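Enquirer: next comes the sequence, and after it the predicted model I'd like to discuss.
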Amino acid sequence: MTGTGVGPELIRLSGVDASYDHYLVLEDVSFHVHEDQFTGIVGPSGAGKTTLLRLLLQTLNPVAGTVWRAPDLRVGYVPQLESVNWNFPITVFECVLMSRKSSRLIPWASAPEKARVSAVLERLGIGDLGERHIRELSGGQQQRMFLARALLRQPQVLLLDEPTSGVDISTRHDILHLLADLHEDGMAIVLTTHDLNGIATHLPHLVCVNNRIVGEGTPSEVMTSAVLERTFGARMEVLEHLGVRLVVDEAPATYTPGSRI
Amino acid sequence: METLLEPLGYAFFQKGLLVASLSGGLLGLIGVYIVLRGMSYIGHGLAHSIFGGFAAMQLFAAKFYAIGAGLWGIASALAITAVTKRSRVGADAAIGVITIASFALGVALFAKFGSSGPSFDNALFGSILGISYGQIVGLIAVTVLTASFVFLRYRALLFSTFDPDVATVSGVNVGRIEAALMVVLSLAILATLTVIGVTLVAAMLVIPAVIARMLTDSFGRMLAYSTLIGTLCGLVGMYSSYYADVPSGTMIVLVGAALFIIVLASTGGRGSRRSAGLDRHPEEIVTK
């Protein structure tokens, strides 16, 4: 999987500060999203990962610095499952359909619009769940539904907030493979995660955030004890197993690492 | 059958039935968005606020009291939105201060100077007596405006209600939609105030929407059901008001409350699960 980002630039943050209620959450952040990029933003809770996504989405204005986006850029967004009102009266089909770009004056979707929604749901393996209420889906199916909603707009950049939070290992693998396929199809992908071993280590490019960017590069470049300590404020051991970096809080007495960084 | 047809012989009842049904349907329709956005208290506050404008206009421009009260309500709605967004004051506190102060002003003005328009009691609890042709035309106009707004901006309203952040990313101007919704809500409250009453309008914004939610998991069907239930409450409430000889607003709300209990009992746990946390809004979740 490539994805360190050398293609045309799509979004650029330059020297950006962001705050909520005068509380500075991100400081002096410069970040680029390129056409062929597949990036994971990692950091502890409250580090500013979601804020960074909101800056990329332009749903939050910076208090300093500039945000540039390529003209007519199509951006898809998959929110955190925890932020969704699961009691909202909406079926899977209605949820996906709401993101359609339609110039029709009447509220009902046209036959081609419905066919596009059905096709996206089929592609993501939830084609038979359209009439279900959103609460009746499993965690993985809920992620797929929001992915379908984002994909309906055929985005050039897909931003995902903690896409594997609260899902089981099998679902996490499925989602990661699905994102890899979308990236292979030419979509730039940026996601936030706090899952270092399950997600971050498998991505081609990582950005470590703790109120500012404290490290950026491939997993082998940034998944080191020094960078992770600056990111998470805690000592961490980094081990290598079958070419994959694994992070542990501290080396357990029973573990004999193959190599130690 | 004769019992049902007998009151229709009176012109005032015919007008009352039309106005009550339209009012119920209108509040049922707009109420879906109010309930799902967690704005039920705003509906309650706005009705009280409009009462302040209503009383003030009696003093300065009695002939134009409807316009004055409407503008007062819209100004209150926009003030609540601005205070909530730009300060650390919570929405409930902002509504408590702005709208209840406006209501208190209305009560004081009524007490001091009296009224040349609808009476104090009628404004509070609703009445079908003395509904003018102008009020009927106004209610029909607001109903058409609201229905057109919901019809033409269906996707934007749904998207911004369910997920305002993603709606913004998808090209929906959430701020403009929210402002337009507040204006439409103010006009709907003003248009139905005479028949439902200041103190009872908020109930009719909430009850049909909650009953509809208990009956369906689909947003489109909830809109249709809520409108029909509101209309039904207006219709049945109007007849009940005639026979019980009590203010129309009280009977319309009581019919709604009875329907709520029946639906809650018949749908059991499924209904209460559907309506639990109904107004939980994504913005309540603070993320960093």
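Expert: Arrived safely.
Enquirer: which pLDDT value does the model give B:Phe64?
Expert: In this prediction, B:Phe64 carries a pLDDT score of 66.
Enquirer: in chain A, what residue is nearest chain B?
Expert: Scanning chain A for proximity to chain B using C-beta to the nearest C-beta identifies A:Pro107 as nearest, at 3.3 Å. (Glycine included, C-beta is placed from N, CA and C.)
Enquirer: next secondary structure after the one helix or strand B:Leu109 maps to?
Expert: With elements taken from DSSP states H and E, the one containing B:Leu109 is helix B:91-113. Sequence order places helix B:120-125 as the next helix or strand after helix B:91-113, per DSSP H and E.
Enquirer: centre of the chain versus the helix holding B:Leu109, how much separation?
Expert: Distance of helix B:91-113 from its chain centroid, counting by C-alpha atoms, centre = their mean, to the nearest Å, is 18 Å.
Enquirer: list the buried residues for it?
Expert: Residues of helix B:91-113 classed as buried by neighbour count (16 or more other C-beta atoms under 10 Å in any protein chain shown): B:91, B:94-95, B:98-99, B:102-103, B:105-106, B:109-110.
Enquirer: between which two of these is the distance greatest?
Expert: The span of the buried residues of helix B:91-113, defined through C-beta to C-beta, is set by B:Ala91 and B:Phe110 at 27.8 Å.
Enquirer: excluding chain neighbours, what is closest to A:Gly130?
Expert: Once flanking residues are discounted, A:Gly130 sits nearest to A:Phe93: 3.8 Å by C-beta to C-beta, 6 or more residues apart in numbering or on different chains.
Enquirer: looks like the one you found contacts A:Glu131 (just checking).
Expert: Yes. Counting by C-beta atoms under 8 Å, A:Phe93 touches A:Glu131, with 6.5 Å between them.
Enquirer: between the two, which one's more packed in?
Expert: Neighbours per residue (other C-beta atoms under 10 Å in any protein chain shown) separate A:Phe93 from A:Glu131, with A:Phe93 holding more: 20 against 12.
Enquirer: and A:Ala226, how many neighbours?
Expert: As a burial measure, the neighbour count of A:Ala226 was computed by other C-beta under 10 Å and equals 13.
Enquirer: what helices and strands are in contact with the host helix or strand of it?
Expert: A:Ala226 is part of helix A:225-232 when elements are defined by DSSP H and E. Applying 3 or more C-beta pairs under 8 Å, 6 or more residues apart in numbering or on different chains; DSSP states H and E, one finds that helix A:225-232 makes contact with strand A:205-209, strand A:213-217, strand A:237-241.
Enquirer: give me the contacts around that helix.
Expert: Taking C-beta atoms under 8 Å, 6 or more residues apart in numbering or on different chains as the criterion, the residues outside helix A:225-232 that touch it are A:42-44, A:47, A:196, A:208-210, A:214-215, A:235-238, A:247, A:261.
Enquirer: show me where the stretch 51-200 of chain A has its strands.
Expert: In the stretch 51-200 of chain A, strands defined by DSSP state E, counting those that start in this stretch lie at A:64-69, A:75-78, A:157-161, A:188-193, listed in chain order.
Enquirer: could I get those strands as JSON lines with mean pLDDT, distance to chain B and mean neighbour count?
Expert: Converted to JSON lines, the strands of the stretch 51-200 of chain A look like this (pLDDT from 0 to 100; distance: least, C-beta to the nearest C-beta, whole Å; neighbours: other C-beta atoms under 10 Å in any protein chain shown):
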{"stretch": "strand A:64-69", "mean pLDDT": "92", "distance to chain B": "11", "mean neighbour count": "14"}
{"stretch": "strand A:75-78", "mean pLDDT": "91", "distance to chain B": "5", "mean neighbour count": "25"}
{"stretch": "strand A:157-161", "mean pLDDT": "93", "distance to chain B": "8", "mean neighbour count": "24"}
{"stretch": "strand A:188-193", "mean pLDDT": "93", "distance to chain B": "10", "mean neighbour count": "25"}
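Enquirer: for these, give me a markdown table that also has distance to B:Val210.
Expert: Listed next are the strands of the stretch 51-200 of chain A as a markdown table, based on distance: least, C-beta to C-beta, whole Å:
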| stretch | distance to B:Val210 |
| --- | --- |
| strand A:64-69 | 41 |
| strand A:75-78 | 30 |
| strand A:157-161 | 31 |
| strand A:188-193 | 36 |
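Enquirer: low-confidence stretches in the chain?
Expert: Since you didn't name a chain, this refers to chain A. Within chain A, the stretches falling below the threshold (pLDDT under 70) are A:1-6, A:250-261.
Enquirer: hmm, I had chain B in mind actually
Expert: Applying pLDDT under 70 to chain B flags residues B:1, B:58-66, B:84-91, B:114-120, B:130, B:269-288.
Enquirer: doesn't A:Ile11 belong to a strand?
Expert: Yes. A:Ile11: assigned to a strand according to DSSP: H, G, I helix; E, B strand; the rest coil.
Enquirer: and the end-to-end length of stretch B:151-167?
Expert: Across its full length, stretch B:151-167 reaches 18 Å end to end, with C-alpha to C-alpha, to the nearest Å as the criterion.
Enquirer: and stretch A:155-171, by the same measure?
Expert: Terminal residues of stretch A:155-171 are spaced 23 Å apart (C-alpha to C-alpha).
Enquirer: check the contacts of helix A:225-232 and tell me the two furthest apart.
Expert: The farthest-apart pair in the contacts of helix A:225-232, when distances are taken by C-beta to C-beta, is A:Ala47 and A:Ile261, at 22.6 Å.
Enquirer: between these two, who's got more neighbours?
Expert: When neighbours are counted by other C-beta under 10 Å, A:Ala47 comes out ahead of the other of A:Ala47 and A:Ile261, with 25 against 13.
Enquirer: for A:His177, see how far away A:Thr59 is.
Expert: As judged by C-beta to C-beta, to the nearest Å, A:Thr59 and A:His177 stand 29 Å apart.
Enquirer: B:Ser23 and B:Ile140 touch, don't they?
Expert: No. Taking contact to mean C-beta under 8 Å, the distance of 10.9 Å between B:Ser23 and B:Ile140 leaves them out of contact.
Enquirer: which of the two has more neighbours?
Expert: Regarding B:Ser23 and B:Ile140, a neighbour count based on other C-beta under 10 Å identifies B:Ser23 as having more, with 32 against 15.
Enquirer: with adjacent residues omitted, what lies nearest to the more buried one?
Expert: Nearest residue to B:Ser23, sequence neighbours excluded (C-beta to C-beta, 6+ apart): B:Thr192, at 3.9 Å.
Enquirer: tally of neighbours for the residue nearest to A:Ser19 when sequence neighbours are not counted?
Expert: Sequence neighbours aside, A:Val63 is the residue nearest to A:Ser19 in space, at 5.2 Å (criterion: C-beta to C-beta, 6+ apart). For A:Val63, the number of neighbouring residues by other C-beta under 10 Å comes to 14.
Enquirer: quick revisit: for the residue nearest to B:Ser23, which residues are in contact?
Expert: B:Thr192 is in contact with B:23, B:26-27, B:139, B:201, B:204, counting by C-beta under 8 Å, 6+ apart.
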